[in-house]
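Q: return atomic coordinates for the entry below.
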Amino acid sequence: MKYKTFARLRTLGIVGVVVAGIFGISQCNSGDTPEQALPRETQTRQIPQQTQATPSGATVQYGADILPKTTADDVIFKTQMEPTSLGKPDDKNGGLKRTVRKNGLKMYLKSDTHKGYDYWNRVKVDYQDNGKWDEQWIFSKNGAVRREVSQKEDENFDMIYTLEGAHWVLKK
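A: Numbering: from 1, shown residues only. Below you'll find the model as predicted:
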């Protein structure tokens, strides 16, 4: 083999390694979990408007007196506990805001810092990622959590649940 051919092969190999390294680093830094790396249609968690899947796979109807906490609830709670420093100023209403997509959920977090909150005290949830909010969660300073549900997906939150232990209890 001529040196010229060898030099070209070596250059091609180095360029290939650099490109593969950049691609690998960009995949690691994107923050995607293996589930999020799947195509959008396989990762989207479709929750029909009036039902919600539980970890056991059973479905519960909104309107039931008691709903169990689900894995989606756990994702929302973990996201709500993230620092407010990840948000950006909300020029319209004051405070901080942040939009997050995790595990097929779209969440809009608000921190009313102008009212003395130093954590995300309001979260809106869109299960289908269609631009219409399905639920609104409110975290009080005393630790109470209120979950307001829009049954018709019209952002009219007509059902209210409160968290009591590991269950959501319908407020009547």
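Q: excluding chain neighbours, what is closest to Asn121?
A: Of all residues not flanking Asn121 in the chain, Phe139 sits nearest, at 4.9 Å (Cβ to Cβ, 6 or more residues apart in numbering). In this view, the C-beta of every residue, glycine as well, is placed from N, C-alpha and C.
Q: for Ala144, same thing?
A: Counting by Cβ to Cβ, 6+ apart, Ala144 lies nearest to Thr162, which is 6.6 Å off, once chain neighbours are set aside.
Q: quick check: bridge partners of that neighbour?
A: Per DSSP bridges, residues listed as beta-bridge partners of Thr162: Arg146, Val169.
Q: measure it to Gln136 for me?
A: 13 Å (Cβ to Cβ, to the nearest Å).
Q: what sits in contact with each of those two?
A: Arg147 (Cβ atoms under 8 Å, 6 or more residues apart in numbering).
Q: lowest confidence element among the helices and strands of this structure?
A: Every helix and strand in the chain was compared by mean pLDDT, DSSP states H and E; the lowest is helix 40-43, with a mean of 35.
Q: for the residue nearest the centre of the chain, grab phi and psi.
A: For the chain, the residue nearest the mean C-alpha position is Lys102 (3.5 Å; Cα atoms, centre = their mean). Main-chain torsions, Lys102, degrees, to the nearest 10: phi -140, psi 140.
Q: pLDDT score for it?
A: Lys102 is assigned 91 on the pLDDT scale.
Q: please apply the same query to Arg147.
A: 95.
Q: that one: neighbour count?
A: 23 (other Cβ atoms under 10 Å).
Q: for Leu67, same thing?
A: 21.
Q: quick check: closest non-adjacent residue to it.
A: Nearest non-adjacent residue to Leu67, counting by Cβ to Cβ, 6+ apart: Trp168, 4.1 Å away.
Q: three-state assignment of Asp74?
A: Using DSSP: H, G, I helix; E, B strand; the rest coil, the structure places Asp74 in helix.
Q: could you measure from the residue nearest to Leu163 when sequence neighbours are not counted over to Glu153?
A: In space, Leu163 comes closest to Val145 once its chain neighbours are excluded; the distance is 4.1 Å by Cβ to Cβ, 6+ apart. Relative to Glu153, Val145 is positioned 22 Å away (Cβ to Cβ).
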